[in-house]
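K.L.:
I would like the atomic coordinates for the input below:
(chains A and B)
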2 protein chains.
Amino acid sequence: MKNFILPIERLISEFAKLPSVGRKTATRYAYHIVNMSETDVKKFCEALLDAKTNVRYCSICGNFTDKEVCNDCQRGDQQLVCVVEEPKDILALQKVRDFTGVYHVLHGVLSPLDGKTADDIRIKELLDRVNKYNVREVIMATNPTVEGEATALYISKLLKPLGVKVTRIAQGVSLGSDLEYVDEVTLGRAINDRREI
Amino acid sequence: MKNFILPIERLISEFAKLPSVGRKTATRYAYHIVNMSETDVKKFCEALLDAKTNVRYCSICGNFTDKEVCNDCQRGDQQLVCVVEEPKDILALQKVRDFTGVYHVLHGVLSPLDGKTADDIRIKELLDRVNKYNVREVIMATNPTVEGEATALYISKLLKPLGVKVTRIAQGVSLGSDLEYVDEVTLGRAINDRREI
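P.N.:
Have a look, this model is predicted:
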């Protein structure tokens, strides 16, 4: 490159580490930072360090929080637990207003190819929780992928002997979609799991 | 919001200040930061502050640099000057390998509606430069927008009395494009500016 400016190159490669940020987007961000006032850049840095330092995992559910126990765990119905893969999945679920229960973050899925076994994700914590809070239902809301399905099945087999009801989020056609464009696996599932109206 | 975590919210609003980053993308970035190691977040911060502190404007062309005079100005032909609006435009032009001249960044365009007048952009510096380096040609490479065109015209009128050749980058159909989809203004310009083959 003709005009290599080390501090900018360094910042570009840092930005390029963010999810789905390529070199071009990272360059735009870096140029924007250089154009910002020094106060604003310092504020940005403080926010970064503050988030990294003060955000921890909730001791009950494993979601991010700045307290010992997160808001969801303080307020929600501890007998209804929704199991997800990552904290970001909770953001999506929180928009569903009629769910009154709490969450449980596995921090991953079973994935033998990546060396992720049952000991690497928070399954033990889930079992302890079911016993401790006398949970009546566990909703498996892992992603509808091969690994997500396998994890949901594995956990349900561990939970059933404890006498807890285990459910899986419904799979079928999305609301507002067009049957013409729905893939055949999803459509097959939608027909198999049809319900009486 | 049900699960408001102050340090994460703060980081999200900082990320949302970056160009074309909305709340959703900012949230993804913030969650990614919280999942990064503390060392990596510190490295990110250092890169931010380093870029802000050590990157300045080149004393000749006004582009970003970490030296007194940028690489382009040190190596390029100072008698052939390509005038652009912003430093990021130079990134695009640097990919054109057969340009041997130097750049001049205006840091804006004439835009009376936004209160940007000739004194707010680096026109005086350009005139000084033309005199000092005995420039033979100035290529106006401002964007092909109303403001960019007006700025190019305004500057060319100031430069002509100095006896310097002033040119404008060619406007016409993009290479590889399809005439069917070219807008009529561009196509009209392409026909008017046709050249003998």
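K.L.:
Restrict the lengthiest helix in chain A to CA atoms and write it as PDB.
P.N.:
Ranked by residue count under DSSP state H, the longest helix found in chain A is helix A:38-54. What follows is helix A:38-54, C-alpha atoms only, in PDB (Å, rounded to 0.1, in the frame of the first residue of the first chain):
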ATOM      1  CA  GLU A  38     -10.300  13.600  21.500                       C
ATOM      2  CA  THR A  39     -13.000  13.800  24.300                       C
ATOM      3  CA  ASP A  40     -15.300  11.600  22.300                       C
ATOM      4  CA  VAL A  41     -12.600   9.000  21.600                       C
ATOM      5  CA  LYS A  42     -11.800   8.900  25.300                       C
ATOM      6  CA  LYS A  43     -15.500   8.500  26.100                       C
ATOM      7  CA  PHE A  44     -15.500   5.600  23.600                       C
ATOM      8  CA  CYS A  45     -12.500   4.000  25.300                       C
ATOM      9  CA  GLU A  46     -14.100   4.400  28.800                       C
ATOM     10  CA  ALA A  47     -17.300   2.800  27.600                       C
ATOM     11  CA  LEU A  48     -15.300  -0.200  26.200                       C
ATOM     12  CA  LEU A  49     -13.300  -0.700  29.400                       C
ATOM     13  CA  ASP A  50     -16.300  -0.100  31.600                       C
ATOM     14  CA  ALA A  51     -18.300  -2.700  29.800                       C
ATOM     15  CA  LYS A  52     -15.500  -5.200  30.000                       C
ATOM     16  CA  THR A  53     -14.700  -4.500  33.600                       C
ATOM     17  CA  ASN A  54     -18.200  -4.200  35.100                       C
END
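K.L.:
how far out from the middle of the chain is stretch A:65-74?
P.N.:
Offset of stretch A:65-74 from its chain centre (C-alpha atoms, centre = their mean, to the nearest Å): 16 Å.
K.L.:
what comes up buried for that stretch?
P.N.:
In terms of neighbour count (16 or more other C-beta atoms under 10 Å in any protein chain shown), stretch A:65-74 has its buried residues at A:Thr65, A:Asp66, A:Cys70, A:Asn71, A:Asp72, A:Cys73. Yep, even glycine has a C-beta here, placed from its N, CA and C like the rest.
K.L.:
Other residues contacting that stretch?
P.N.:
A:54-61, A:63-64, A:90, A:94, A:102-103, B:2-8 (C-beta atoms under 8 Å, 6 or more residues apart in numbering or on different chains).
K.L.:
Skip the chain neighbours and tell me the closest residue to A:Trp40.
P.N.:
In this structure residue A:40 is Asp, not Trp. Closest residue to A:Asp40 apart from its sequence neighbours, by C-beta to C-beta, 6 or more residues apart in numbering or on different chains: B:Lys17 at 7.7 Å.
K.L.:
Phi and psi next, for that neighbour.
P.N.:
Main-chain dihedrals, B:Lys17, degrees, to the nearest 10: phi -80, psi -20.
K.L.:
ok, now the one 5 residues further on?
P.N.:
B:Gly22 has phi and psi values of phi -90, psi -180 when expressed as degrees, to the nearest 10.
K.L.:
and the gap between the residue nearest the centre of chain A and B:Ile8?
P.N.:
Taking C-alpha atoms, centre = their mean, the centroid of chain A lies closest to A:Glu86, which sits 2.4 Å from it. Separation of A:Glu86 from B:Ile8 (C-beta to C-beta, to the nearest Å): 14 Å.
K.L.:
After the helix or strand harbouring A:Asp72, which helix or strand is next?
P.N.:
Assignment of secondary structure by DSSP states H and E places A:Asp72 within helix A:71-75. Next helix or strand after helix A:71-75 toward the C-terminus (DSSP H and E): strand A:77-84.
K.L.:
ok now that next one, how far from the chain's centre?
P.N.:
15 Å.
K.L.:
Stretch A:101-113 now?
P.N.:
Centre to centre, stretch against its chain (C-alpha atoms, centre = their mean), the figure for stretch A:101-113 is 8 Å.
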